[in-house]
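Asks: For reference, the sequence and a predicted model appear below.
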Amino acid sequence: MLIIPAESTVNWKRPPWMTLGLVMTCLLVFLFYQGDDSRLVNEAVEAYLETDLQSLEAPAYEDYLQRSIRLNGRQSLVSQLQDFNTLQEQDERGWIAVTLLFDSEFYQYLLNNRDVIWAPEQRRVWMAQRSEIQQRYVDRLSANQLGLVPAEFSLYTLITYQFLHGGWGHLIGNLVFLFLLGFTVEKALGAARYLLAYLACGAISGLVFTAFSLGSAVPLVGASGSISGLMGMYVAIYGLQKIRFFYFVGVYFNYFRAPALAMLPVWLGKEIYDYWFAGATGIAYMAHAGGLVAGAGLVWLLGKSWLQVKEEFYEPEDEEQDERFTSGYAQAMASLGRMEFDLARRQFEALRRHYPDRTVLLEHLYQLAKLRPDLPDYREYARELMNESLNRRQPERTIEVWAEYMKQGESHAPLAPEDHNRVLFTCLKNDDLKSAERAFERLRGAGDKALADEACRLLAEEFDKRQVAPKARHYRQLLANGV
């Protein structure tokens with residue numbers, strides 16, 4: 001059974017670049033760095049088959065499996081022994097070579113017990129031939145170079161193992177889950193902190209795996225421990241809030257809602273149960289468990305400081321915002337229809353605090369303020385609307401609002417010289433010289449001589465360009481007389 005959280009959707013207007021970068025890094029590492037593994041494996045098998053090592057190692061391998069089952073209680077190896085016996089009966093020399101060559105625990109067993117297993121001459125032959133194959137091919141495999149090997153623990157491999165994978169199925173499965181979980185956690189934490197938390201979860205996951213596999217020569221590779229950390233962070237971020245989960249059982253799938261944290265003990269319990277009872281599956285269950293605990297623990301410990309969730313993460317998605325806006329806007333318009341202007345103004349103001357980019361709200365507030373031109377609100381909303389219209393490249397609306405204010409509001413609260421000057425430039429750009437002249441007269445009376453002189457010079461130049469000599473002469477004369 002598969003259960004994964006599915007509360008968020010991707011906002012492609014703000015792509016999860018760090019998650020996409022991690023996905024691409026894993027893919028490129030697999031294609032270009034691990035791409036040489038196939039050649040090394042083939043050459044190792046060929047070299048192995050050219051020797052008589054199988055006759056030395058096959059009996060030792062059977063004895064190794066039988067002793068592990070009988071003395072160490074590793075019942076999961078029973079099927080492995082049966083499979084190996086089948087390969088020998090069918091004389092599948094190639095697969096026998098693969099089995100013997102790449103079982104790192106068996107190779108370690110041979111090294112530790114070679115004096116007991118073989119006579120001196122056999123031991124000398126084995127050491128010479130097997131050591132050369134091991135050094136030239138097996139040790140150069142990506143998993144042995146940069147994978148996390150508990151028996152040869154190195155700090156740098158706590159990071160490098162996270163970007164290696166054991167095959168296309170392993171890679172694709174991990175990348176799908178990395179994307180499904182990563183874009184939400186990245187949105188919550190921000191790209192930089194998300195990356196550090198992701199790598200930290202992978203490192204802690206590796207440490208837990210090492211603690212439960214002390215002395216093992218089997219390398220750990222894959223991003224699943226880091227991804228388990230994302231799952232832990234995901235549910236810890238939402239806490240007890242009910243979120244949506246996707247589940248898949250056999251061929252049936254559906255969604256259910258539950259408190260986010262309720263799934264943490266379920267996932268953790270499954271990993272621990274599988275570790276003890278699932279047998280030899282090749283899956284690092286305790287690495288997954290370590291990642292889950294690490295992810296949730298980091299959010300709980302640092303959630304009020306370094307890993308604090310960004311406030312905008314809790315803002316509703318675009319579709320939900322549109323629904324809320326539509327509902328609030330309809331209520332405000334209904335108040336207008338009932339001529340409840342004060343209520344409508346408060347409703348539009350409340351909407352604008354949440355949706356400052358919706359120009360239609362500013363238009364309504366301007367129209368409501370225009371009902372009382374003697375109040376300061378009219379001047380403020382007129383100036384805001386003029387500036388907003390300029391930003392949206394609507395010069396005609398800027399000039400229209402300015403003209404309305406000149407008629408109704410200027411006598412109560414005059415605009416600043418800069419406002420008239422801005423309108424004058426807008427009129428000139430919009431080829432509306434008549435309105436530009438009116439703006440100049442207002443600017444001239446506003447008491448800013450420097451702005452008035454510059455505006456007068458511009459008007460003279462514009463009329464010169466249009467060969468309207470009387471007007472050009474008029475403005476040059478004003479400029480000469482000090483406006």
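Replies: Nice, thanks for sending it over. Numbers count the residues shown, from 1 in each chain.

Asks: Make sure I have this right: S389 is in a helix.
Replies: Yes - using DSSP: H, G, I helix; E, B strand; the rest coil, the secondary structure at S389 is a helix.

Asks: All the helices of the stretch 1-150 of the chain, in order from the start?
Replies: Assigned helices in the stretch 1-150 of the chain, in chain order: 17-28, 37-50, 53-72, 78-89, 93-101, 104-117, 120-136, 142-146 (criterion: DSSP state H, counting those that start in this stretch).

Asks: shouldn't I4 be in contact with F177?
Replies: Yes - here I4 reaches F177: they are 7.1 Å apart, a contact under Cβ atoms under 8 Å. For every residue, glycine as well, the C-beta is placed using N, CA and C.

Asks: Turn the helices of the stretch 1-150 of the chain into TSV, including mean pLDDT.
Replies: Converted to TSV, those look like this (pLDDT from 0 to 100):
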stretch	mean pLDDT
helix 17-28	97
helix 37-50	95
helix 53-72	91
helix 78-89	91
helix 93-101	94
helix 104-117	92
helix 120-136	94
helix 142-146	95
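
Asks: Which of the helices and strands in the chain ranks last by mean pLDDT?
Replies: helix 318-337 (a mean of 83; mean pLDDT, DSSP states H and E).

Asks: Relative to the whole chain's centre, how far out is that one?
Replies: If you compare the mean C-alpha spot of helix 318-337 with that of the full chain, they lie 31 Å apart, counting by Cα atoms, centre = their mean, to the nearest Å.

Asks: Same check on stretch 116-126?
Replies: 55 Å.

Asks: residues of that stretch that come out buried?
Replies: Residues of stretch 116-126 classed as buried under the neighbour-count rule (16 or more other Cβ atoms under 10 Å) are 117-118, 123, 126.

Asks: Now tell me what touches that stretch from outside.
Replies: Stretch 116-126 is touched from outside by 52-53, 56-57, 60, 110, 114-115, with contacts defined as Cβ atoms under 8 Å, 6 or more residues apart in numbering.

Asks: who wins for neighbours among the residues you listed?
Replies: Of the contacts of stretch 116-126, E57 is surrounded by the most neighbours, 25 neighbours in total, counting by other Cβ atoms under 10 Å.

Asks: That residue - nearest residue in space that isn't next to it in sequence?
Replies: Taking Cβ to Cβ, 6 or more residues apart in numbering as the measure, E57 lies nearest to L100, with 4.9 Å between them; neighbours along the chain are not counted.

Asks: Please apply the same query to P414.
Replies: Using Cβ to Cβ, 6+ apart, the nearest residue to P414 is A446, at 7.1 Å.

Asks: Please apply the same query to F248.
Replies: In space, F248 comes closest to L2 once its chain neighbours are excluded; the distance is 4.3 Å by Cβ to Cβ, 6+ apart.

Asks: Confirm for me that the one you found is in contact with Y247.
Replies: Yes - applying Cβ under 8 Å as the test, L2 and Y247 come out as touching, 6.5 Å apart.

Asks: For L361, state which of the contacts of stretch 116-126 is nearest.
Replies: Within the contacts of stretch 116-126, the smallest distance to L361 is 77.6 Å, found for L110 (Cβ to Cβ).

Asks: any idea how far R93 is from the closest residue to that closest one other than its chain neighbours?
Replies: Nearest in space to L110, with sequence neighbours left out and distances taken as Cβ to Cβ, 6+ apart, is A60 at 6.4 Å. Distance, A60 to R93, using Cβ to Cβ, to the nearest Å: 17 Å.

Asks: that older thread, and the buried residues of stretch 116-126, which two are furthest apart?
Replies: With distance counted by Cβ to Cβ, no two of those lie farther apart than I117 and W126, which are 8.7 Å apart.

Asks: what stretches of the stretch 201-350 of the chain score poorly on pLDDT?
Replies: Applying pLDDT under 70 to the stretch 201-350 of the chain flags residues 279-281, 314-321.

Asks: quick one: the strands in it?
Replies: Taking DSSP state E, counting those that start in this stretch, the strands of the stretch 201-350 of the chain run over residues 242-249, 252-259.

Asks: Of those, which stretch is the most buried?
Replies: Mean neighbour counts were taken over the strands of the stretch 201-350 of the chain using mean count of other Cβ atoms under 10 Å, and the top value, a mean of 14, falls to strand 242-249.
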